[in-house]
Each structure stands twice: as C-alpha cells, then as structure tokens.
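Visitor: the following block contains a protein sequence and its predicted model.
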Amino acid sequence: MESRILGAETTGFFPCDALIGAGLGNRLLLATHDGYEPRIKTYMSANAQYRPWCIVQPYTAQEVSLTVSTLGGCGEGAGDWHIAVRAGGNGNPGSNNVASGVTIDLGMMNRSSYDPSRELASVEPGAAWMNVYSDLLESANVTVAGGRSGGVGVGGFLLGGGNSLYTGRYGFGCDTVLGYQVVLANGTIVEANSDTNADLWKALKGGGMNFGIVTRFDMEAIPATDVAFGQSVFSANHSDQLFDAISEFTDHPQELAADTMYTLFSHSPASSEDMTAMVIRANTKGDLNTTGFDKITQIPSIETTWGLTSHAALAKDQQLLTGSLNLQKTMTFGNTASVMRQSATLHKQLISSLSERIGAENYTTAVFYQSIPKYFSEIGRQKGGNSMGLGQLPGNAILLQAGIAIYNGDEAALAFARAELNAMMAKLKDITIAEGVSSDWVYMNYADTTQNPLGGAGDENVSFLKDVAQRYDPQGWWQRRVPGGFKVTRAT
C-alpha cells in the first residue's frame with residue numbers, strides 16, 4: 001500500500017503509527033493531508049467538527065477488523081486519547097468524532113446491493129440514504145426503510161432505531177434489518193441474525209454503538225412504488241387546529257398505516273413571522289386520495305404541494321443544512337393536544353429570548369411533532385423484537401424533537417442557547433407530569449448527550465443489553481475506548 005503520508009514513516013501519534021505499521025497508511029488522513037480538512041467539514045454540525053490525530057478510512061470489513069485489532073493492541077499509553085466511529089456524521093457532537101485520538105471513518109464503505117433470491121438489500125454503514133435509494137431503484141426497483149433526509153448516514157440511523165416513512169407498515173428501520181455483519185472488539189468478523197448470534201441481532205436493533213462496528217446491514221427490501229408526498233406551510237395562528245389534527249392523526253387506525261405525517265414549528269430569518277408551521281405528509285402506497293390527512297387539508301395554508309414522486313427523489317430534496325452550531329433535545333409523552341399547545345407557548349418564549357440575545361437573523365429553531373402509535377411496538381415484537389423499549393410508552397404517543405441552529409454566533413451564544421433549550425424542555429417535562437402523560441422513553445437518534453435513551457427503554461432492556469455487551473466484549477473495549485454515543489454501562 002502506498003502511504004498518503006509522504007516523506008514520513010512516523011507521525012508522532014502512536015496509534016496512527018500503529019495503523020501505518022499494520023499496512024493501513026494509504027487509508028490514513030492527517031491534518032497535514034489535503035483531504036483532512038474537507039472531510040472534517042462534512043460533519044453536519046460545526047460544533048461536531050473535532051480534529052483527531054488521524055482519520056482512518058477502511059474500505060472493507062477486513063480493513064475495519066485490522067483497524068480495530070491494531071488500535072486495540074497498540075496500548076492505551078499515558079495520557080487521554082480515545083477512538084470514535086463515524087458513519088454519516090450527523091450525530092451529536094462527540095458521538096462520532098474525537099479531538100484527541102483516532103476517528104474510524106466508514107464513509108468509504110458506501111455500497112448497496114440487492115439479492116433477488118432472498119429479497120434482501122445489503123447496505124454499508126457509510127452510505128447516505130439518498131444514494132442507497134437511488135442505487136436500489138436503478139438496479140432492482142426496490143427501496144428500504146431508511147432516513148427521510150437524504151444526507152443522513154445509514155449506520156447511526158439504524159443503530160438508533162430509525163423512524164422512516166415506512167414505520168407504520170414495516171416497523172422502525174431496525175425492525176427491517178434481517179442480518180448484520182459486525183466487527184467485534186477483538187477484530188473478529190461475525191454474522192448476527194435470527195439464527196446466528198440472535199442476542200446480538202436483537203441488541204443491535206436500537207442498542208446503539210455498544211457491541212461492535214456494523215459493516216453491513218441486510219435489510220428487508222420494499223417494492224419501490226411512487227410515494228404520494230407533499231408539504232403545507234401554515235401561519236402559527238392556526239396552531240390550535242394543527243395540534244388537534246396531529247392528535248387525531250396519532251390515534252388513527254392501523255388500516256391507515258401507509259399514511260405518515262410530521263409537523264414542525266420553526267423560527268427562520270427567511271420568514272416575516274416569528275414562527276411558522278409546516279406539515280410534511282406522505283402515503284407510501286401512492287394513494288393521492290387517502291382520507292388520513294382530511295383534518296389537516298381543511299386548515300387554510302399559505303402554500304401546499306401534493307403529488308407523486310419516488311422515494312429516492314423526495315429524500316434527495318429533504319436535506320439537512322450543514323455548517324451551523326446545532327443543539328437538539330427530545331421527549332415523548334402521551335398523545336394530548338393540550339401539551340402540544342403549551343409546548344408552542346414555551347417555543348415562542350424561547351424565540352423571544354434567543355432573538356434578544358443572539359439576534360433574530362442569526363439562528364433558526366425547529367420543534368418537530370411525530371406520531372408514535374402503540375402498534376409500532378407490536379410490529380417490532382412480531383419481527384423478533386428490538387432494543388428500543390417501545391413497550392414503555394403510555395399508549396399512543398407524541399415524539400417531540402426541539403432544535404436550535406446558530407448560523408452566526410460563537411461558543412458563548414451556543415452556551416446561552418443550550419441553557420435556554422434545556423430550561424424549555426424541563427418546563428415541558430413538568431407539564432407532561434402535571435397532565436399525567438409523562439414518559440421516560442427517549443428516542444436515541446434525537447437525544448442530547450445529557451439524556452438517557454437506553455435507561456428509558458426499561459430495566460429489563462438495560463439488563464439484556466448489558467449481558468450482550470459483556471458476552472461479546474468482555475473487556476469492555478467499546479465502553480472504555482470508544483466513549484461517544486450512549487453507553488450501556490452508563491444507562492440507569
């Protein structure tokens with residue numbers, strides 16, 4: 001292998017030198033390399049753009065195995081250095097990158113394929129969903145239950161559960177994973193499915209980065225029929241009607257499972273109003289005349305779109321903005337319009353506070369409301385179970401995600417925004433308790449680093465995950481050396 005590190009046999013960073021010694025020099029990026037900084041800039045959040053000692057970019061499961069065994073065998077040394085694993089780069093700051101140590105970047109593992117004999121789509125962790133959908137559509141006219149935003153990466157989405165347009169019909173994305181190829185802490189490559197290493201298979205379905213690096217996801221393939229899809233923008237003056245419609249939709253029967261809808265209230269400098277609302281809706285069977293959205297379509301909108309498109313095309317259009325300082329936090333509560341109304345009041349107070357301190361033109365906010373009907377849990381159970389703990393939910397529920405993106409601000413602005421967001425969510429938690437609809441269940445993919453999604457999945461689930469982690473990683477390597485994400489040893 002020709003090394004990228006021209007003119008130097010050592011880097012001065014002993015884990016990076018160990019990777020070179022193992023023959024991975026041409027998979028390495030240092031800060032002195034032209035490709036290093038552009039790759040760092042591809043993290044969605046500016047506050048996640050840490051600069052590790054080196055980035056290693058394996059191309060195959062065998063190279064991931066060599067990377068893991070090399071880093072595990074080179075000694076921890078004195079001082080404080082760690083390892084991170086990156087798939088798409090959309091997670092919380094610190095979950096998939098590290099400042100002192102090595103980042104294993106799976107971005108070069110981005111291939112998708114289809115096996116018609118088994119009706120399986122095999123997807124690598126570093127791929128972006130929009131490319132997965134395009135590849136599978138062109139090669140086999142199938143799709144999979146992946147991310148709604150096209151730039152989101154495969155790995156983190158599926159390990160955290162994965163809420164897709166198809167959840168009502170097929171379960172969360174992890175429920176559609178029929179098999180995993182996994183690199184364990186000792187470098188061994190294993191398969192995990194319902195017949196082989198079945199406990200690991202179940203644990204990986206929502207259990208996060210606790211057991212190994214998944215190098216291939218074998219997913220249930222879905223026929224790639226066109227999707228009925230549209231967006232409607234509303235004045236926030238219609239918030240009461242919107243929340244009533246969201247609540248009614250959340251209680252919809254499973255016969256309407258092809259319908260999916262999510263709503264966001266946001267502040268944006270591009271709008272003349274302090275806060276506007278957008279409803280995004282889809283029918284994954286392509287039914288333009290579905291009755292599931294009747295209550296929404298009766299509310300006067302500023303603008304509306306509705307028509308047929310491919311899953312690949314709509315994912316490409318639904319992109320997350322990059323380069324801002326980002327914060328997020330989440331909670332789930334029993335389905336009630338009253339709590340949603342009070343959350344909108346708190347959101348308006350947040351906007352007022354941020355505008356006064358940061359400037360209304362320098363940030364955006366978004367509060368998302370998504371329906372989690374009770375039958376979602378039953379779909380997962382029928383498919384062999386998962387590690388998400390959906391049984392903890394109090395019946396039909398609302399999944400709320402609140403976020404702030406600062407486009408023109410510094411660390412002080414970020415700290416202020418974080419304090420305001422946390423205070424807002426704490427007040428909302430108190431409201432859910434007072435209304436008798438509080439839940440400890442936390443969706444991992446929306447959780448802030450201060451939250452406890454594994455613990456919120458219930459004591460039985462935590463005990464199961466700890467047992468699996470001990471069985472496949474008895475030395476606790478993923479817990480100690482790869483600290484990013486939500487660790488089962490820290491779950492309470």
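Guide: Perfect, I can see it now.

Visitor: show me the domain layout of the protein.
Guide: 14-105, 112-223, 227-446 (automatic domain parsing).

Visitor: which of these sits most buried?
Guide: Per-stretch averages of neighbours, counted by mean count of other Cβ atoms under 10 Å, single out domain 112-223 among the domains of the chain, with a mean of 22. Every C-beta, even on glycine, is put in place using the N, C-alpha and C of the backbone.

Visitor: end to end, how far does that domain reach?
Guide: End-to-end distance of domain 112-223 (Cα to Cα, to the nearest Å): 16 Å.

Visitor: cool, stretch 82-99 as well?
Guide: 8 Å.

Visitor: ok, now stretch 29-46?
Guide: First residue to last in stretch 29-46 (Cα to Cα) measures 20 Å.

Visitor: what sits up against that stretch?
Guide: 4-5, 11, 16, 49-51, 53-57, 89-90, 93, 96-97, 105, 107, 151, 320, 322-326 (Cβ atoms under 8 Å, 6 or more residues apart in numbering).

Visitor: in helices, which of those appear?
Guide: residue 16 (DSSP state H).

Visitor: hang on, the earlier thing: distance to residue 465 and mean pLDDT added to the domains of the chain, as a markdown table?
Guide: Converted to a markdown table, those look like this (distance: least, Cβ to Cβ, whole Å; pLDDT from 0 to 100):
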| stretch | distance to residue 465 | mean pLDDT |
| --- | --- | --- |
| domain 14-105 | 17 | 95 |
| domain 112-223 | 5 | 98 |
| domain 227-446 | 6 | 97 |
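
Visitor: do you know which of these lies nearest residue 471?
Guide: With Cβ to Cβ as the criterion, residue 471 lies closest to domain 112-223 of the domains of the chain, at 7.1 Å.

Visitor: quick revisit: export the domains of the chain to TSV and tack on distance to residue 482?
Guide: Output for the domains of the chain, formatted as TSV (distance: least, Cβ to Cβ, whole Å):
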stretch	distance to residue 482
domain 14-105	5
domain 112-223	7
domain 227-446	16
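
Visitor: how far does stretch 134-154 sit from the chain's center?
Guide: Stretch 134-154 sits 15 Å away from the centroid of its parent chain (Cα atoms, centre = their mean, to the nearest Å).

Visitor: endpoints of that stretch, how far apart?
Guide: Start-to-end, stretch 134-154 (Cα to Cα) is 14 Å.

Visitor: stretch 105-122 now?
Guide: 19 Å.

Visitor: cool, and stretch 381-388?
Guide: 11 Å.

Visitor: off-centre distance for that stretch?
Guide: Computed by Cα atoms, centre = their mean, the chain-centroid distance of stretch 381-388 equals 19 Å.

Visitor: nearest to residue 484, of the domains of the chain?
Guide: Among those, the nearest to residue 484 by Cβ to Cβ is domain 14-105 (4.4 Å).

Visitor: what segments of the stretch 101-250 of the chain are strands?
Guide: Here the stretch 101-250 of the chain has its strands, by DSSP state E, counting those that start in this stretch, at 101-105, 112-115, 120-123, 142-143, 177-183, 189-193, 213-220, 222-223, 227-235.

Visitor: direction included, what does the first one pair against?
Guide: When pairing is defined by DSSP bridges, strand 101-105 lines up against strand 54-56 (parallel), strand 82-86 (parallel).

Visitor: with distance to residue 37 added, can I get the ones you listed in CSV?
Guide: Below are these laid out as CSV (distance: least, Cβ to Cβ, whole Å):
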stretch, distance to residue 37
strand 54-56, 11
strand 82-86, 15
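
Visitor: quick one, which of the ones you listed gets closest to residue 424.
Guide: strand 82-86 (29.6 Å).

Visitor: list the beta-bridge partners for the nearest residue to residue 115 once chain neighbours are set aside.
Guide: Leaving out its chain neighbours, the residue that sits closest to residue 115 by Cβ to Cβ, 6 or more residues apart in numbering is residue 122, at 6.9 Å. Judged by DSSP bridges, the bridge partners of residue 122 are residue 113, residue 218.

Visitor: excluding covalently adjacent residues, which one is nearest to residue 321?
Guide: Nearest non-adjacent residue to residue 321, counting by Cβ to Cβ, 6+ apart: residue 405, 6.9 Å away.

Visitor: shouldn't the one you found be within a strand?
Guide: Yes: using DSSP: H, G, I helix; E, B strand; the rest coil, the secondary structure at residue 405 is a strand.

Visitor: my guess is it meets residue 328, correct?
Guide: No: if you go by Cβ atoms under 8 Å, residue 405 and residue 328 don't touch, sitting 9.4 Å apart.

Visitor: got any residues that touch both of these two?
Guide: Contact criterion Cβ under 8 Å, 6+ apart; residues shared by residue 405 and residue 328: none found.

Visitor: strands along the stretch 251-400 of the chain, start to end?
Guide: Using DSSP E, counting those that start in this stretch, strands in the stretch 251-400 of the chain cover 259-267, 276-283, 303-304, 307-309, 325-334, 363-372, 397-406.
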